[in-house]
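>>> Need coordinates for the below:
(one chain, ligands or ions: 2)
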Amino acid sequence: MALLQTIELKRYFGETRAVDHVNLSIEEGEFISLVGPNGAGKTSLINVISALLEVESGQILFRGEDITRTTRTERVRAGIARSFQLVNVFDDLTTFDNVALAIFSREGKTTHLAKLAHLDHAVTEEADTVLSQFGLAAKRNDNARDLSQGERKLLDVALAYALKPKLLFLDEPTSGVSTRDKGQIMDTIASVVRGEGITAVIVEHDMDVVFKYSDRIVVMAQGTPDEIRNNEQVAMTLLGSADTSAFARKD
Ligand SMILES: Nc1ncnc2c1ncn2[C@@H]1O[C@H](COP(=O)(O)OP(=O)(O)OP(=O)(O)O)[C@@H](O)[C@H]1O
Ligand SMILES: [Mg+2]
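Numbers count the residues shown, from 1 in each chain. Ligands and ions are numbered 1, 2, ... in the order given. From the prediction side, this is the model:
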């Protein structure tokens, strides 16, 4: 049985067919790259699956169970977590406190920030373990706003990981960082995700990264014939070359 399956999943915004009858099946343990041109609906699909956006029609099954109408919290409890294309961390909190808060929220504990100073031992230990797994231990006491862009991206992923998901969606975890940092971020993510047996879906525009790390690649693309013909990313994925001339009009 697939870990997650979407059946004819649909979410439009007026005329914009962001998620257009998507049938996606994700097997346990896979490391999938979700690729497609800007505006293809990748983020919208993740938003619908993580309940940030309501489903218009269609179904989402998680471990065979229909979760289409469940809330965001219920999906996190079931084991679905996601990171954000634009980093979504608390800038004024330390790196450590950001992770500790994620752990608290996973446990359904409502806590005042002031109480974080008196964290119980188990949470402190777990937060420190997460920080070392993501190479952020040395930045433990730095405010998130003082981290480099690459570190902030990793922290955002760490916050989703701290929810202990079975299925983790990472929306462009390497955007806005240098090519060198990209490799380091992807190595870190791949090692944590594979080490813990987490199923991951990563949105990534850099096809070198996509080809290097993925077990499977899912392409989301739609457009007029001319838009698809001229799209290098579609050509790269379908043909292994950014040369779109193979799509050239024959007439
Ligand atoms: N909340 C919204 N309201 C209206 N339109 C939206 C909304 N969110 C997304 N869209 C539109 O839906 C389409 C898909 O957007 P989405 O952000 O899902 O694409 P994407 O594949 O993630 O693109 P990118 O690679 O640029 O991140 C776009 O045309 C976008 O403008
Ligand atoms: Mg997006």
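
>>> Grab the nearest non-local neighbour of residue 78.
With Cβ to Cβ, 6 or more residues apart in numbering as the criterion, residue 78 has its nearest non-adjacent residue at 5.6 Å, and that residue is residue 62. C-beta: built from backbone N, CA, C; applies to glycine.

>>> ok, now residue 165?
The spatially closest residue to residue 165, leaving aside those adjacent along the chain, is residue 81, at 3.6 Å (Cβ to Cβ, 6+ apart).

>>> Check which helix or strand the one you found maps to.
Under DSSP states H and E, the secondary-structure element containing residue 81 is strand 80-82.

>>> contacts for the top helix by length along the chain?
Longest helix in the chain, counting residues (DSSP state H): helix 179-195. Defining contact as Cβ atoms under 8 Å, 6 or more residues apart in numbering, one finds that helix 179-195 is touched by 31, 133-135, 148-150, 153-154, 157, 161, 168, 170, 173-174, 177, 198, 200, 202, 206, 209, 212-213.

>>> So what's the model's average confidence on it?
Here helix 179-195 scores 95 as its mean pLDDT.

>>> Check stretch 204-219 too.
Mean predicted confidence for stretch 204-219 is 93.

>>> which parts of that stretch are buried?
With burial defined by 16 or more other Cβ atoms under 10 Å, the residues of stretch 204-219 counted as buried are 204, 205, 206, 207, 209, 210, 213, 214, 218.

>>> same question, stretch 217-235
Judged by neighbour count using 16+ other Cβ under 10 Å, the buried positions of stretch 217-235 are 218, 220, 221, 228, 229, 231, 233, 234, 235.

>>> From the contacts of helix 179-195, list the buried ones, please.
Once neighbours are counted (16+ other Cβ under 10 Å), the buried part of those comes down to 31, 133-135, 150, 153-154, 157, 161, 168, 170, 173-174, 177, 198, 200, 202, 206, 209, 213.

>>> Return the angle between stretch directions for the helix or strand following the longest helix of the chain and helix 179-195.
Counting by DSSP H and E, the next helix or strand C-terminal to helix 179-195 is strand 199-203. In terms of direction (axes from the mean of the first three to the mean of the last three Cα atoms, to 10 degrees), strand 199-203 departs from helix 179-195 by 160 degrees.

>>> Following element in sequence after strand 199-203, please.
Following strand 199-203 toward the C-terminus (DSSP H and E): helix 207-213.

>>> Skip ahead from that next one and say which helix or strand is next.
Per DSSP H and E, helix 207-213 leads on to strand 216-219 as the next helix or strand towards the C-terminus.

>>> Note down every partner strand of that following strand and its orientation.
Strand 216-219 has its sheet partners listed here by DSSP bridges as strand 31-35 (parallel).

>>> for the record, mean pLDDT for stretch 25-44?
Stretch 25-44 shows a mean pLDDT of 94.

>>> let me fix that: stretch 71-79
Computed over stretch 71-79, the mean pLDDT rounds to 93.

>>> got the CA coordinates for it in CSV?
Output for stretch 71-79, consisting of C-alpha atoms alone and laid out as CSV, is shown next (Å, rounded to 0.1, in the frame of the first residue of the first chain):
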residue,chain,number,x,y,z
THR,A,71,-7.2,19.4,10.0
ARG,A,72,-3.6,20.5,9.8
THR,A,73,-2.9,19.3,13.4
GLU,A,74,-4.4,15.9,12.7
ARG,A,75,-2.2,15.5,9.7
VAL,A,76,0.9,16.4,11.7
ARG,A,77,-0.2,13.8,14.3
ALA,A,78,-0.7,11.3,11.6
GLY,A,79,2.9,11.9,10.5
